[in-house]
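1. coordinates for the following, if possible.
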Amino acid sequence: MSEVLKNKVDFMMIIEVTNGNPNGDPDMDNAPRTDIETGHGLITDVCLKRKIRDYVAKRKTGEAGYGIYITAGIPTNRPEAAAIDATSEETKEKQPYEAGEIVKKYLCDNFSDIRTFGAVLTSLSKNNLGDGRVNGPVQLCFGRSVDPIDPQSITIDRITVASEKEAEAKSSTMGRKWIVPYAVYTVCGHISAEKAKKTGFSEEDYELLMEALLNMFDDDASSARPDMAVRNLIVFKHESATGNEKAWKLFDRVSVKRVSEGPARKFSDYEVKIDTEDMPAGVECIIK
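-> This next block holds a predicted model:
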């Protein structure tokens, strides 16, 4: 593993969706998540973290240090118990808090998503090994569409049948799927170099994260999300660990506006402007 990340980083993604549901709301019949006051579309940070985890799991299958802690169907107390057992010799004569820190380090070293996003390790508190909280260096904000969206419910008909009774009745099953015909979303994120020191988030982890952000939708196409893409990734890398400029001032340098009349249906209906002139001292703008 390479050295720990020493620079604060702020970044913005520009994501497009075509005829898909970027993030369904289970409380609203899986309709695309929407700001009920403005009509803008939303994508949760949890949704995006899942895409990143899945990308890393495929990209680093079987490699030491790149396990995924949050995995469907696997209780989180299983890897926690394994970590407590693996460090038992090292922790047996330590004070509870110190022992908990050793277990946390083991989990950070072995699980990429803990090292990146942090975790709440409930088994540690249950075993009197500290509070079990790991504050991750990478934080994602909610994605928000540039314009209000107009979700559409599409009726679908399944011609196959699931039982002999349905076959005799010659019945078919009706269903619905939600889509956003077209939308562009922006998502902001932050990487704390101070927290990276605590979890061991490295330069190599940073490069892998950038790769995942750019490519996380490429191998994730489904009926619900057949065509999503990260069109731009704008990275503001600071020279210092604590930052050389306020994040909001850097994000204000990025403008995404609709330039066409009528409903937007392609990326060229929007104009993306990135102001790289007179950048603050100690801040580098990288456009991927």
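2. which residue is the nearest non-sequential neighbour of residue 284?
-> residue 237 (4.8 Å; Cβ to Cβ, 6 or more residues apart in numbering). The C-beta positions use only the backbone N, C-alpha and C, and glycine is treated the same way.
3. who are the contact partners of the one you found?
-> Contacts for residue 237 (Cβ atoms under 8 Å, 6 or more residues apart in numbering) come out as 7, 8, 9, 283, 284, 286.
4. what's the closest of those residues to residue 273?
-> residue 286 (16.4 Å; Cβ to Cβ).
5. tell me which element that closest one is part of?
-> strand 283-287 (DSSP states H and E).
6. residue 147 against residue 259, yeah?
-> No - using Cβ atoms under 8 Å, residue 147 is not in contact with residue 259, being 11.8 Å away.
7. of the two, who's got more company?
-> Using other Cβ atoms under 10 Å, the more surrounded residue of residue 147 and residue 259 is residue 147, with 19 against 9.
8. next, that one: secondary structure please.
-> What DSSP: H, G, I helix; E, B strand; the rest coil gives for residue 147 is strand.
9. can you pull the contacts of it?
-> 40, 183, 184, 258, 264.
10. for ChimeraX, what selects the buried ones among those?
-> Only the buried entries of the contacts of residue 147 go into this ChimeraX selection, using 16 or more other Cβ atoms under 10 Å:
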select :40,183,184,264
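11. want to throw the contacts of residue 147 into a markdown table with pLDDT, distance to residue 143 and secondary structure?
-> Below are these laid out as a markdown table (pLDDT from 0 to 100; distance: Cβ to Cβ, whole Å; DSSP: H, G, I helix; E, B strand; the rest coil):
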| residue | pLDDT | distance to residue 143 | secondary structure |
| --- | --- | --- | --- |
| 40 | 99 | 10 | strand |
| 183 | 98 | 10 | strand |
| 184 | 99 | 10 | strand |
| 258 | 97 | 17 | strand |
| 264 | 96 | 16 | coil |
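12. between the contacts of residue 147, which is closest to residue 118?
-> Taking the contacts of residue 147 together and measuring to residue 118 by Cβ to Cβ, the closest member is residue 40, at 27.9 Å.
13. how many neighbouring residues does the closest residue to that closest one other than its chain neighbours have?
-> Closest residue in space to residue 40, ignoring its immediate chain neighbours: residue 145 at 4.9 Å, by Cβ to Cβ, 6+ apart. Residue neighbour count, defined by other Cβ under 10 Å, stands at 24 for residue 145.
14. what sits against residue 145?
-> So residue 145 contacts 40, 41, 42, 183, 184, 185 (Cβ under 8 Å, 6+ apart).
15. how much space separates the first one from residue 254?
-> What it means is residue 40. 17 Å (Cβ to Cβ, to the nearest Å).
16. related to what we said a few turns ago, who does the residue nearest to residue 40 bridge with?
-> residue 185 (DSSP bridges).
17. rewinding a little: name the residues linked to the residue nearest to residue 284 by a beta bridge.
-> Counting by DSSP bridges, residue 237 is bridged to residue 9, residue 284.
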